[in-house]
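Q: sequence? don't have it. structure:
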C-alpha cells in the first residue's frame, strides 16, 4: 500500500474550508472506515490525536 497522505488530503482541505459541501461531507463520512485514516490517526502523538479528534468530532480509534 502506498504511504498515506491524510495530512495533505485534498478532500480534507475541502472539509476544512467548507464542511457542509458535498466533498466535505463525503470526506467526513469516509474517515469512519478508511484504513489509511486509521493508520494515520493512530500514529499521531496523543496531544495531536486529541486536537484532530476534537476538530473533526472523531471518536473512533481512541
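A: Thanks, I have the structure now. Predicted model, so just to flag it, every value in this text is computed and none were measured. Numbering: from 1, shown residues only.

Q: from here on, contacts and neighbour counts on C-alpha atoms
A: Fine.

Q: what about residue 36, is that helix, strand or coil?
A: helix (DSSP: H, G, I helix; E, B strand; the rest coil).

Q: Same question for residue 59.
A: coil.

Q: quick one: the closest residue in space to it that isn't next to it in sequence from residue 44, how far?
A: Spatial nearest neighbour of residue 59, chain neighbours left out: residue 53 (6.4 Å); criterion: CA to CA, 6 or more residues apart in numbering. Note on residue 53: its distance to residue 44, by CA to CA, to the nearest Å, is 11 Å.

Q: Can you give me every residue that contacts residue 55?
A: Residues near residue 55 by CA atoms under 8 Å, 6 or more residues apart in numbering: none.

Q: which parts of stretch 45-62 are buried?
A: 49, 50, 53, 58 (16 or more other CA atoms under 10 Å).

Q: Endpoints of that stretch, how far apart?
A: First-to-last residue span, stretch 45-62, CA to CA: 12 Å.

Q: Where does pLDDT dip in the chain?
A: 1-4 (pLDDT under 70).

Q: All the helices of it, residue numbers only.
A: For the chain, the helices defined by DSSP state H cover 10-17, 22-30, 35-43, 46-55.

Q: starting at the chain centroid, how far to the last one?
A: Offset of helix 46-55 from its chain centre (CA atoms, centre = their mean, to the nearest Å): 11 Å.

Q: before we move on, what about stretch 23-31?
A: 9 Å.
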